[in-house]
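Colleague: Here's a sequence, model it:
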Amino acid sequence: MMLRYALQTVRDRKAGFLGAFVALLCATALVTACGTLLETGLRGKIRTERYAAAPVLVSADQMVHETTVKEKKGGTKTKHKAKPVAERAWLPAATADTVRAVPGVERVVPELTFQAVPLIEASGRPRPSYGHAWSSAALTPFTIADGRAPESADEITVDRALAARAGLRPGSALTVQSTGEPRTYRVSGIAHTARGDLTHQSALFFSDDEARRLAARDGQVSAIGVLPAPGVGATELAARVEQALRGTTARVGTGDERGPVEFPDAAGARTKLVSMGGAMGGTSLLVAVLVVVGTFALSVRQRHRELALLRAVAATPGQLRRMIGREALLVGLAAGVAGALAGLPLAAWLHGRFVAGAVVPGTLERTSGVFPMWAAVAAGLLGAWSAARITGRRIARIRPAEALAEAAVEPARPGWIRSVAGTLALAGGAALVVVLGSLRTEPASTPVTFLAVIVLAGAVSLLGPLLVRAATALLAGPLRLAGPGGHLATANLRGNATQMASAVTPLALLIGMTCTVLFVTPTLGNAARAQARDGIRAEWTLAARGPGVTREAAERVRRTPGVAAATEIVHTSVRVGLVKYAAQGVTPAGLTRTWDPRVTGGTLDGFGGSTAAVSELAADQLGLRPGSPLKLTLGDGTPVTLTVAAVYASGLGFGDLTLPHALVAAHVDNPLASGVLVAVEPGSGTGREQLAAAVRGFPGVEMLSAAQADAARDRRQDAGAEINLLAMGLVLAFTAISVVNTLAMSTAERFREFAMLRLAGAKRRQVLRMLRVEALAVLLIGTVLGSAIALAVLTAFSVGMTGVAAPAVLPVAYAVVVGLAGLLALAATALPGRVALRVAPVEVATAKA
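Modeller: Presented below is the predicted three-dimensional model:
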């Protein structure tokens with residue numbers, strides 16, 4: 001019977017359930033999109049292009065491994081973990097001889113892959129470009145379409161797509177920036193493949209000797225392609241090769257296992273996408289629970305008269321709870337299916353934005369499995385049912401004799417369970433803020449930051465009626481200045497505190513979450529920029545618009561009269577154990593003249609060779625001090641042991657680990673300097689013109705002043721903030737929709753109240769003025785609460801990450817956030833209010849009677 005009544009109620013009260021439907025639809029769409037990103041990180045394919053004609057591929061291990069053994073009762077437990085390295089790992093060239101001796105191998109093709117960027121003017125986003133030896137063209141296979149293969153050191157063959165973009169043909173000149181100085185080659189031929197042009201890269205082929213020179217990896221190869229003899233299957237041959245290479249670090253792959261070897265950046269992006277999808281999905285679920293519970297609470301409260309009447313005519317509390325739960329399941333199922341379907345194009349759009357922003361490489365293909373959809377539908381059903389049961393608990397438990405009175409008058413104070421839960425949520429949020437103030441790494445701080453915002457917003461939701469009454473007491477005087485509308489608004493805020501709190505909560509969440517997202521990155525970035533600005537002593541910086549600054553360009557500057565020191569910087573990431581640290585390599589000569597990271601232990605004098613400098617944070621985490629040995633794995637998987645020479649305080653501005661430039665440059669894909677710090681002798685008169693003249697013959701480099709270099713760091717920080725805003729933008733959009741949804745529901749159901757006011761003599765414009773005053777009061781309360789949440793969380797984040805309570809709050813951005821929230825609140829209140837006032841008061845009174 002209750003199921004039939006639930007079906008009839010949903011059918012006859014579509015408008016009443018519309019708000020809950022919209023909230024659940026947005027929530028499930030968001031969960032589907034985030035789940036798709038998470039699944040892409042776990043199971044997304046990386047298809048090979050370059051190695052399409054090599055059924056078996058031998059490569060170096062791209063992972064760092066760690067095995068731990070724990071003693072337990074009844075034996076030991078062994079746990080094995082692995083994390084990817086940041087750069088391409090290389091194989092000993094002698095591995096090819098071992099593979100060549102395996103039965104069933106027809107041909108072994110060693111491969112060299114290295115940076116080779118054509119310096120051309122091209123429209124659109126440039127593709128990654130790699131150089132190879134022509135002898136490895138058979139791995140795709142590439143064949144000559146026009147001209148001939150390169151034979152001498154000054155010849156080059158390019159793929160057909162690059163030739164078309166750059167207007168190249170045999171005989172054309174092409175300048176290429178590889179791992180050393182730029183060099184101009186003559187195009188000897190245009191190559192193509194029967195499978196079509198490469199999608200994710202450009203291929204440049206050099207003579208074998210020139211390729212080995214440019215790769216700068218003597219005695220090493222990036223991969224080995226294995227072609228089987230006729231009648232030998234790829235799986236069978238791979239097993240034989242793996243047996244022959246047992247005991248080495250080489251890995252054998254077939255099928256889609258070849259893709260991660262060709263695109264190691266895509267393999268490394270899996271972890272980032274899993275982390276990002278998980279963080280977004282978790283935040284989305286928490287926000288969804290908070291929003292959906294509030295929406296259902298408002299929906300059930302709008303039906304107090306109906307539910308109270310059922311209670312008065314002998315419906316049991318259990319029957320009412322079951323009916324409300326079944327109504328929620330019906331709405332949740334409809335919204336969940338629609339939201340799951342809507343989440344697929346949303347996931348495609350989000351993945352495309354991440355690819356366009358270079359957060360995720362396009363070579364990692366997006367998956368479209370059914371698991372995120374099923375998970376979203378299940379989450380929608382569970383969330384709807386739980387929200388309905390929680391919000392229906394009070395109306396279902398009241399005594400029949402009190403039912404109709406309870407429907408007419410809001411309780412004077414919230415229930416004790418709600419108050420206790422709100423107090424506990426507030427205490428939990430405060431505890432998270434305290435914990436956040438002690439966290440010193442961004443990966444640890446970020447999830448706690450957003451969790452603290454949501455928990456504190458949950459406390460606002462639970463304690464909302466008390467907070468609204470307290471705020472109304474403070475605002476009563478100013479509200480009365482608005483005339484009769486202000487008096488009515490004050491009375492409504494006092495008498496309908498629970499209803500008003502349901503509007504305050506999403507506003508506080510929207511402002512708190514948006515301010516946190518907007519100001520977290522500037523808070524960290526400003527501290528990093530301040531440390532870099534204070535610690536860089538160089539007056540000038542040689543920067544590159546292309547792949548980097550070459551060694552010869554740095555030497556030209558270094559030899560310029562009046563130059564005291566020129567420090568080349570190359571960036572990478574390394575692993576200490578399995579923990580990833582950002583690292584940089586710097587040239588030791590004159591380092592203290594250009595660079596001051598505030599050394600607090602040891603010294604930078606004599607830095608270089610096998611020494612390293614570490615930040616105080618890294619030193620604390622790793623238990624290091626000057627003189628300690630530091631075992632780490634370089635970007636290409638090479639293990640080294642260095643001695644800590646110095647510990648410095650400015651880790652945000654100068655990174656966690658600083659290594660010798662020569663060591664880092666020999667183990668990264670791009671050994672060119674990302675910048676060169678240039679210090680001049682005081683009184684020498686050496687300025688921009690002299691320094692720029694020294695590097696005039698080097699394409700793509702420019703001389704920046706200290707102020708210009710600082711502005712460039714600011715632009716890079718803004719780019720990072722845009723990615724963070726994109727990652728959380730959907731959650732913010734969902735929260736904004738919930739604000740409009742809740743305010744519109746809250747206003748639309750007050751048509752009886754508006755009719756009574758008009759029958760009592762209030763004019764239409766006076767009622768509308770009352771609504772505007774109420775909306776402004778709700779906006780003010782929500783703004784104060786949301787701003788307080790954001791300020792508390794950002795201050796704790798700043799203390800933990802920078803050591804000082806200095807959150808970066810941008811006034812213009814904050815004003816825009818509050819202004820947009822105000823527009824949403826006023827629009828969501830005024831439009832439904834005008835619609836409700838179109839009904840004649842007499843008709844409402846007659847219908848009520």
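Colleague: what packs against the biggest helix by length in the chain?
Modeller: For the chain, the helix reaching the highest residue count under DSSP state H is reported as helix 706-748. Here helix 706-748 touches helix 14-43, helix 264-302, helix 317-356, helix 497-535, strand 540-544, helix 764-802, helix 811-837, going by 3 or more C-beta pairs under 8 Å, 6 or more residues apart in numbering; DSSP states H and E. Every C-beta, even on glycine, is put in place using the N, C-alpha and C of the backbone.
Colleague: can you tell me which of these comes nearest to P92?
Modeller: helix 264-302 (18.2 Å; C-beta to C-beta).
Colleague: Okay, buried residues for that closest one please.
Modeller: 264-270, 273-274, 276-302 (16 or more other C-beta atoms under 10 Å).
Colleague: buried residues in stretch 769-787?
Modeller: 769-783, 785-787.
Colleague: again but with stretch 142-152, I slipped
Modeller: Applying 16+ other C-beta under 10 Å to stretch 142-152 flags 142, 144, 147, 149-150 as buried.
Colleague: out of the residues you listed, which are inside strands?
Modeller: Members of those lying in strands (criterion: DSSP state E): 144, 147.
Colleague: can you list the domains in this protein?
Modeller: Domains of the chain are assigned by automatic domain parsing as 1-46+263-403, 56-262, 410-526+732-849, 546-699.
Colleague: Distance from the chain centre to the third one, please.
Modeller: The reference is to domain 410-526+732-849. 27 Å (C-alpha atoms, centre = their mean, to the nearest Å).
Colleague: And stretch 703-714, by the same measure?
Modeller: On C-alpha atoms, centre = their mean, the centre of stretch 703-714 falls 26 Å from the chain's centre.
Colleague: Stretch 678-690 now?
Modeller: With C-alpha atoms, centre = their mean, you get 42 Å for stretch 678-690.
Colleague: ok, and for that stretch, which residues are buried?
Modeller: Buried residues in stretch 678-690 (16+ other C-beta under 10 Å): 678-680, 686, 690.
Colleague: For the residues you listed, which two are the farthest from each other?
Modeller: Across the buried residues of stretch 678-690, the two lying at the largest distance from each other (C-beta to C-beta) are A679 and Q690, at 13.8 Å.
Colleague: gap between V105 and R715?
Modeller: 52 Å (C-beta to C-beta, to the nearest Å).
Colleague: Could you check which of the two has the larger neighbour count?
Modeller: Between V105 and R715, V105 has the larger neighbour count (other C-beta atoms under 10 Å), namely 19 against 8.
Colleague: Enumerate every residue touching that one.
Modeller: V105 makes contacts with 99, 226-229, 237, 241, as judged by C-beta atoms under 8 Å, 6 or more residues apart in numbering.
Colleague: sorry, back to before: out of the helices and strands packed on helix 706-748, which gets nearest to W134?
Modeller: helix 264-302 (23.0 Å).
Colleague: That closest one - contacts with which helices or strands?
Modeller: helix 14-43, strand 75-84, helix 259-262, helix 317-356, helix 371-397, helix 442-462, helix 497-535, helix 706-748.
Colleague: Reformat the domains of the chain as TSV; add distance to A707.
Modeller: What follows is the domains of the chain, written out as TSV (distance: least, C-beta to C-beta, whole Å):
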stretch	distance to A707
domain 1-46+263-403	27
domain 56-262	28
domain 410-526+732-849	16
domain 546-699	12
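Colleague: what about those domains, which gets the closest to I536?
Modeller: Comparing these by C-beta to C-beta, domain 546-699 comes nearest, at 6.3 Å.
Colleague: contacting residues around the residue lying closest to Y648 once chain neighbours are set aside?
Modeller: Using C-beta to C-beta, 6 or more residues apart in numbering and skipping the chain neighbours, the partner closest in space to Y648 is P597 (3.7 Å). Neighbouring residues of P597 by C-beta under 8 Å, 6+ apart: 531, 535, 613, 615, 648-651, 653-654, 658.
Colleague: cutoff 10 Å now
Modeller: Taking C-beta atoms under 10 Å, 6 or more residues apart in numbering, we find P597 in contact with 531-532, 534-536, 604, 613, 615, 646-651, 653-655, 658.
Colleague: Check the secondary structure at it for me.
Modeller: Recorded secondary structure, P597: coil (DSSP: H, G, I helix; E, B strand; the rest coil).
Colleague: quick one: common contacting residues for A679 and Q690?
Modeller: Any residue near both A679 and Q690 by C-beta under 10 Å, 6+ apart counts here, and that gives V563.
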